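[1] Sequence first, then the predicted structure, then my questions.
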Amino acid sequence: MRTREIERRWRVFELLLGQECPALACHLDRVQLSPDIIITDWWFTLFAKAFPRAISARVLDCLLLEGEPLLMRCAVGPTLPSPPLP
């Protein structure tokens, strides 16, 4: 994959993060951290280091079925705030 394509994917993630979790996007901007430091490791390991084994296996299954768009959804999901506990 070319550098330009990777940078485009980082930018898409940055935009999605700003839409779905603006507080985190604002915080990363405030401390001058680019979201690519989060997602690069996740994408290169297909989330195997970030998620438990069963979830990582499910991500791989879904990736094979759905293709690359799944990676964006998996990357945005963990950044969302948790719902309140009952």
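    Okay, I see it.
[2] in what helix or strand does the residue nearest the centre of the chain lie?
    Most central in the chain under CA atoms, centre = their mean is residue 75, positioned 1.7 Å from the mean C-alpha point. Assigning secondary structure by DSSP states H and E places residue 75 in helix 69-76.
[3] Show me what that helix is in contact with.
    9, 12-13, 16-17, 20-21, 38-39, 42-43, 47, 59, 62-63 (CB atoms under 8 Å, 6 or more residues apart in numbering). (Glycine included, C-beta is placed from N, CA and C.)
[4] what helices or strands is the host helix or strand of residue 40 leaning on?
    Taking DSSP H and E as the criterion, residue 40 maps to helix 36-44. Packing partners of helix 36-44 (3 or more CB pairs under 8 Å, 6 or more residues apart in numbering; DSSP states H and E): helix 3-20, helix 69-76.
[5] hmm, who's touching it?
    Residues contacting helix 36-44 (CB under 8 Å, 6+ apart): 9-10, 13-14, 49-50, 71, 74-75, 79.
[6] got it, and stretch 45-60?
    With CB under 8 Å, 6+ apart, stretch 45-60 has contacts from 41-42, 63, 70, 74, 78.
[7] circling back: and the nearest residue to the residue nearest to the centre of the chain once chain neighbours are set aside, what's its pLDDT?
    Leaving aside its sequence neighbours, residue 75 sits nearest to residue 39 (CB to CB, 6 or more residues apart in numbering; 4.9 Å). With respect to pLDDT, residue 39 has a value of 82.
[8] what about residue 78, neighbour count?
    13 (other CB atoms under 10 Å).
[9] cool, residue 42 as well?
    19.
[10] i'd like the first residue to be 48 from this point on
    Yep, numbering from 48; the last one is residue 89 now.
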